[in-house]
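Visitor: Sequence and predicted structure are below.
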Amino acid sequence: MTNNTSRDMNAGTILETSRLILREWLPDDWVRLKPIATNPQVIRYVGMGQPPSDEQIRAYIEAARKLYRDAGFCLWPLVYRESQELIGFCGFDHLWGGEEIEIGYWLAPDYWGKGLATEAAQAVMRYGRERLGLRQIVAVAHPENKASIRVLEKIGMVYVKNVTHEGVEHVYYRCRDP
């Protein structure tokens with residue numbers, strides 16, 4: 001892993017909370033994201049639960065950087081303020097490559113159960129509404145992913161229906177009307 005100063009790790013800050021910094025992706029962030037993206041606990045509810053290759057992680061970050069340049073949003077890296085460690089991501093993307101805008105988040109397991117996903121998602125929702133003018137935001141989760149569903153409900157999203165995408169069942173949520 002490369003050694004970055006906290007200034008480098010916080011360059012391109014998008015928004016901050018009391019414990020988190022959400023910022024633009026750095027080209028070498030794939031190295032910091034890899035332990036999270038390949039952790040079986042993290043990805044068990046992502047797609048078919050298969051870990052991505054190094055090339056897929058790099059491509060994901062490049063796609064996120066392009067989406068941010070083009071649309072003003074992406075799933076931004078989450079930096080834990082205290083340690084300056086990249087601990088996951090949170091932000092917006094196009095649901096399954098379509099037109100709907102979804103909120104999403106991943107956290108490294110060491111940071112689960114501390115309210116960080118909720119803290120990040122609340123800040124991202126405010127940013128989406130106030131800065132980006134987003135009105136209809138959706139989210140999906142595996143029905144078994146109770147922690148993620150709790151986060152969705154805490155940030156004001158409501159269950160709409162179950163959907164199947166690429167053979168995988170999801171619960172589909174949308175934001176309450178503003």
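Guide: Cool, got the structure. Numbering: from 1, shown residues only.
Visitor: Could you use CA atoms for every contact and neighbour count after this?
Guide: OK.
Visitor: May I ask you to confirm that H170 belongs to a helix?
Guide: No. Read with DSSP: H, G, I helix; E, B strand; the rest coil, H170 is strand and lies in no helix.
Visitor: Could I get the contacting residues of it?
Guide: Applying C-alpha atoms under 8 Å, 6 or more residues apart in numbering, one finds that H170 lies in contact with V140, A141, H142, P143, N162, V163, T164.
Visitor: Show me what the top helix by length along the chain packs onto, helices and strands only.
Guide: Counting residues, the longest helix in the chain under DSSP state H turns out to be helix 54-71. If you count contacts as 3 or more C-alpha pairs under 8 Å, 6 or more residues apart in numbering; DSSP states H and E, helix 54-71 packs onto helix 29-37.
Visitor: can you list contacts of whatever helix or strand comes next after the helix it packs on?
Guide: Downstream of helix 29-37, the first helix or strand assigned by DSSP states H and E is helix 40-43. For helix 40-43, the external contacting residues (C-alpha under 8 Å, 6+ apart) are I36, A37, G49, Q50, P51, W106, L107, A108, P109.
Visitor: okay, those residues in JSON lines with secondary structure, distance to I43 and pLDDT next?
Guide: Output for the contacts of helix 40-43, formatted as JSON lines (DSSP: H, G, I helix; E, B strand; the rest coil; distance: C-alpha to C-alpha, whole Å; pLDDT from 0 to 100):
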{"residue": "I36", "secondary structure": "helix", "distance to I43": "8", "pLDDT": "95"}
{"residue": "A37", "secondary structure": "helix", "distance to I43": "7", "pLDDT": "95"}
{"residue": "G49", "secondary structure": "coil", "distance to I43": "5", "pLDDT": "72"}
{"residue": "Q50", "secondary structure": "coil", "distance to I43": "7", "pLDDT": "82"}
{"residue": "P51", "secondary structure": "coil", "distance to I43": "7", "pLDDT": "89"}
{"residue": "W106", "secondary structure": "strand", "distance to I43": "9", "pLDDT": "94"}
{"residue": "L107", "secondary structure": "strand", "distance to I43": "10", "pLDDT": "96"}
{"residue": "A108", "secondary structure": "coil", "distance to I43": "10", "pLDDT": "96"}
{"residue": "P109", "secondary structure": "helix", "distance to I43": "11", "pLDDT": "96"}
